[in-house]
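Participant: Pasted the sequence and its predicted model underneath.
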Protein chains: 2
Amino acid sequence: MTRNELKYALLTDLYQLTMAQGYWESGKGDEEACFFMYFRDNPFNGGFAVSCGQAQLAEMIDGFRFEDADIEYLASLNAPLGGPLFEKEFLEYLRGMRLTVDIDAVREGTIVFPMEPLVRVSGPIMQCQLLETALLCCINFQTLIATKAARVCLAAETPVAEFGLRRAQGAGGSLWASRAAVVGGCSSTSNVMAGKMYDIPVSGTHAHSWVMSFDDELEAFRAYAKIFPNNCVLLVDTYDVKRGIENAITVGLEMRERGERLIGIRIDSGDLEWLAKYARERLDEAGLTDCGIVLSNDLDEYSIASIKASGAKVNSWGVGTKLACAYDQPSLGGVYKLCATRMPGEERWTGRMKVSESTAKLTIPGVLDIRRYIDENGKLAGDMVFDVNEAVNEHGVIVDPADVLRRKTLGEHEFETLLIPLARNGESVLSDEDRNAMAAQKRVKAGLEQLDESQKRQLNPHSYPVGLEQGLWDRRAKLATELRGR
Amino acid sequence: MTRNELKYALLTDLYQLTMAQGYWESGKGDEEACFFMYFRDNPFNGGFAVSCGQAQLAEMIDGFRFEDADIEYLASLNAPLGGPLFEKEFLEYLRGMRLTVDIDAVREGTIVFPMEPLVRVSGPIMQCQLLETALLCCINFQTLIATKAARVCLAAETPVAEFGLRRAQGAGGSLWASRAAVVGGCSSTSNVMAGKMYDIPVSGTHAHSWVMSFDDELEAFRAYAKIFPNNCVLLVDTYDVKRGIENAITVGLEMRERGERLIGIRIDSGDLEWLAKYARERLDEAGLTDCGIVLSNDLDEYSIASIKASGAKVNSWGVGTKLACAYDQPSLGGVYKLCATRMPGEERWTGRMKVSESTAKLTIPGVLDIRRYIDENGKLAGDMVFDVNEAVNEHGVIVDPADVLRRKTLGEHEFETLLIPLARNGESVLSDEDRNAMAAQKRVKAGLEQLDESQKRQLNPHSYPVGLEQGLWDRRAKLATELRGR
């Protein structure tokens, strides 16, 4: 696996650096802070999300340092009203800076829900902030795409290949998108570089231009089959789909004569549902029952579900644009909030929160983790967000963060705790297994098995119970009242 | 300027490589092809697009080669039905391959329209195809974001800072997004790495967490003002906006006492329109008439236009998510189509086209360029797509590609030809000026000046006339008829 060589220290908002200088100058640089990253609503109006991006976050942590060229660049910046933006001494401090933060995160591929801490960063406040923007970018985007992929794959049931590179949001965006799509459940990507970088399966055969470069479609098909007898899926809609199907049948039968097999035909335009049924009929009539049908063209979970509901038999799917850039919701609004601070030498953390908005938008004070309760059938019963430094109430009562009257008692169930160490003292500690995309894909499949069907519904899913540990809810309410009263 | 060191040869769909082997094996590797990249509809239901990404395309061309590790990776891939996917000899060929294509493209920052060739690639068909996916990704995404930025900036009139990194589609996506946003008209980005890589202005001050890390908002503001007297914009909505404004006024007056200036206050939540007016009133009453108001929080061209229409006076804007991932249309559907071929040694190109879809989706055969006609007032009169190897009709008649009855005669006007060389014989030839983001930004401003106001309208804009040169229209119709008749 090739690791991306981009150094990430400058991949941040400028205000993180101005604030860093502020902390440094005001002597707060060593104050410790704890931040947590979470999102407020499941993407795509769905019932769950698939966490993703932790492996890249670990790479970023290990690649975090200010190179001489970075320092030189920062020294060249001027303030809007004149003079250098940064102080020389501060820049020298940055040049020598090494991360010392601890990071905990859920494993890649874990099914997650709103208001849960997906990543927790603690250490000198300045470092926590310098990491914020890149961390959010990394986890927000990959979680978004892994979730979309899981939804598409749940709808498709048969294998889905991701091929959105040409419409993805940039070269780098495409690489993360391809990896996250595979974590979410896609069986392959068309993106060769992603295949190489992340050790994930790649797939692909030919495009319309192959057919157009020959004088005749049949000739083009024959040439392709001859060169790739073991990877032959013929694209039949360059000129006329029906004629294309007949040409593919001709070639498929010729291949069979030679002891080879036409794996499938791909249809990339027109009324996919009608054409898939028509093609299946024609292939079966011709005796090519082992030749599959691949559909592509602007597919997503909704169009796939509709095609399947019609009874069309589709062996695999190619999904591009709508997956690789999460077309119907191209961003996950994950946030990174200060949740606790302590002074150097202090043992005890003090909870912090931001209160300016509605109750639903209050942040959660404390050093947080997730307890996932599992019922006697192995299904997920509910999640509790709790403070690792406080006792958990004995009955395992959780309270809806936005509605004190919605409570649930989970104490009767077994539980597991979800955050695991991602970095210690500024260095990543994820195991190879926990960085591996295919292992994360398995985790997604297992996690989705544990969810009730109603919670996986594409439209209006049943909401999964997530609440604050009762004592945490009470402490939060008290702190909000105090802060608002100031 | 640091150039990204990513090598781009593998940034492609796998089928480009399987087809490449196909061309190589079937002896078509040296056949020459001409492809052009275009889009069919303006993004965001707007009246124009801003072309962007050419500088990165030039970098990709120069970074295009198959490294030993790439070849090793390709050699490790297996076909679905078994055996290695690629042949050893072909991989050796790839290892030694150097690009020889010629590429022509419109300049970055040129205002462009549907059906126009933005990029034209000609050379050995295999090379043209190997470049397709990365080229599309590069131009599609950056054109999308530059266009969005231009729309936002037209609405805003006062400066717009892009700060979408945390919600962008990946680290790489964010870098291209920041650059494209500046090309489209943003005055700065928060993304420090983009600032360094692309030599574009960066901006930023502080976040809510700065305020939260102090016991008291006033104390936090004072500390920030003391450290950054020349870059002081105070974020006033951490706890309560009205109280925040009063605290900022206190600090602004203290700064004035010291001969310094509070540049502005930023409001990032709540009813932005109401709060902007309230803040302006309070600042003016306090005598801080030179303290500006900065708004942010989920803004786009529509919310900005609405705030401005209310009469609120806003000095600058921060626009993140909705710009950096083009929230309402996260992908531009640009395509790359074969438009001509010729055999080795042939002088003459033969037009090619794909006909399976509706008339509006027919491709355009020929080696294409754009003539832009300019009227006596310096405004754009219309664009003609023409074949560089054929005569242009003497009256300059253009015909709507999808409607033979819509014609326009442009011959009376001056014109300029828009495609310029981007690469020759596989090496980029763009001048430094033509790679420069700020130069492209100027081009956008000048180009938008030349467009009629009605064509820049956000909703239901007047459509700008683009047509095929009459002879080209006729040749295309003839070829479509022939191909459909086959």
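Facilitator: The structure has been received and is ready for your questions. Numbers count the residues shown, from 1 in each chain, chains lettered A, B, ... in the order given.

Participant: ok, which stretches of the stretch 101-250 of chain A are helices?
Facilitator: Assigned by DSSP state H, counting those that start in this stretch, the helices in the stretch 101-250 of chain A fall at A:125-156, A:170-184, A:192-198, A:208-212, A:217-227, A:241-257.

Participant: Go through the ones you listed and name the closest to chain B.
Facilitator: Closest of those to chain B is helix A:170-184, at 1.2 Å (criterion: CB to the nearest CB). From N, CA and C alone the C-beta is placed, and that goes for glycine too.

Participant: so does that closest one get close to chain B?
Facilitator: Yes. Applying CB under 8 Å from any CB of the partner chain, one finds helix A:170-184 in contact with chain B at A:Gly170, A:Ala171, A:Gly172, A:Gly173, A:Ser174, A:Leu175, A:Trp176, A:Ala177.

Participant: burial measure for the residue nearest to A:Gly411 when sequence neighbours are not counted, as a count.
Facilitator: Distances taken as CB to CB, 6 or more residues apart in numbering or on different chains put A:Gly396 closest to A:Gly411, at 3.0 Å, once the chain neighbours are dropped. Neighbours of A:Gly396 under the rule other CB atoms under 10 Å in any protein chain shown: 21.

Participant: Quick check: A:Gly396 vs chain B, distance?
Facilitator: Distance, A:Gly396 to chain B, by CB to the nearest CB, to the nearest Å: 31 Å.

Participant: For that residue, give me its contacts.
Facilitator: Going by CB atoms under 8 Å, 6 or more residues apart in numbering or on different chains, A:Gly396 touches A:Arg371, A:Tyr373, A:Met384, A:Thr409, A:Leu410, A:Gly411, A:Glu412, A:His413, A:Phe415.

Participant: I'd like the residues of helix A:170-184 next to chain B laid out as a markdown table, including pLDDT and neighbour count.
Facilitator: A markdown table is the format used below for the residues of helix A:170-184 next to chain B (pLDDT from 0 to 100; neighbours: other CB atoms under 10 Å in any protein chain shown):
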| residue | pLDDT | neighbour count |
| --- | --- | --- |
| A:Gly170 | 88 | 30 |
| A:Ala171 | 86 | 26 |
| A:Gly172 | 83 | 24 |
| A:Gly173 | 86 | 29 |
| A:Ser174 | 92 | 32 |
| A:Leu175 | 94 | 27 |
| A:Trp176 | 95 | 31 |
| A:Ala177 | 96 | 34 |
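
Participant: what's the pLDDT at the residue nearest the centre of chain A?
Facilitator: The residue lying closest to the centre of chain A (CA atoms, centre = their mean) is A:Thr143, at 2.1 Å. pLDDT, A:Thr143: 98.

Participant: same deal with A:Glu357?
Facilitator: You'll see A:Glu357 listed with a pLDDT of 62.

Participant: residues contacting the closest residue to chain B within the stretch 201-350 of chain A?
Facilitator: As assessed by CB to the nearest CB, chain B sits closest to A:Gly204 within the stretch 201-350 of chain A, at 3.2 Å. With contact set as CB under 8 Å, 6+ apart, A:Gly204 has these partners: A:Ala161, A:Phe163, A:Ser190, B:Asp13, B:Leu14, B:Tyr15, B:Gln16, B:Leu17, B:Thr18.

Participant: now A:Tyr336
Facilitator: Shown in contact with A:Tyr336 (CB under 8 Å, 6+ apart): A:Phe35, A:Phe36, A:Met37, A:Val119, A:Val121, A:Glu132, A:Leu135, A:Leu136, B:Arg166.

Participant: Name the nearest residue to A:Val429, sequence neighbours excluded.
Facilitator: A:Pro421 (5.2 Å).

Participant: Do I have it right that that neighbour meets A:Asp102?
Facilitator: Yes. The criterion here is CB atoms under 8 Å, and A:Pro421 meets it with A:Asp102 at 7.3 Å.

Participant: Tell me both backbone torsions, phi and psi, for A:Glu347.
Facilitator: The phi/psi pair for A:Glu347 (degrees, to the nearest 10) reads phi -90, psi -40.

Participant: how close does the closest residue to A:Gln458 other than its chain neighbours get to A:Ala79?
Facilitator: The shortest distance from A:Gln458 to any non-neighbouring residue, by CB to CB, 6+ apart, is to A:Glu301 (5.8 Å). Distance, A:Glu301 to A:Ala79, by CB to CB, to the nearest Å: 49 Å.

Participant: more neighbours, those two?
Facilitator: A count of neighbours by other CB under 10 Å puts A:Glu301 above the other of A:Glu301 and A:Ala79, at 24 against 16.

Participant: My understanding was that the more buried one contacts A:Ala149; is that so?
Facilitator: No. In this structure, A:Glu301 is not within contact of A:Ala149 by CB under 8 Å, at 9.6 Å.

Participant: which residues are in contact with the helix or strand containing A:Val404?
Facilitator: Counting by DSSP states H and E, the element that carries A:Val404 is strand A:403-409. Strand A:403-409 has contacts (CB under 8 Å, 6+ apart) with A:Gly382, A:His395, A:Gly396, A:Val397, A:Ile398, A:Val399, A:Asp400, A:Pro465, A:Gly467, A:Gln470, A:Trp473, A:Ala477.

Participant: and the residue nearest to A:Val429, how many neighbours does it have?
Facilitator: By other CB under 10 Å, the residues close to A:Pro421 number 13.

Participant: mind exporting the one helix or strand it maps to as PDB, just the C-alpha atoms?
Facilitator: Secondary structure from DSSP H and E places A:Pro421 in strand A:420-424. Presented in PDB, the C-alpha positions along strand A:420-424 are these (Å, rounded to 0.1, in the frame of the first residue of the first chain):
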ATOM      1  CA  ILE A 420     -10.700   2.600  20.500                       C
ATOM      2  CA  PRO A 421      -7.400   4.300  20.600                       C
ATOM      3  CA  LEU A 422      -6.400   5.800  17.200                       C
ATOM      4  CA  ALA A 423      -3.400   7.800  18.400                       C
ATOM      5  CA  ARG A 424      -1.400   8.100  21.600                       C
END
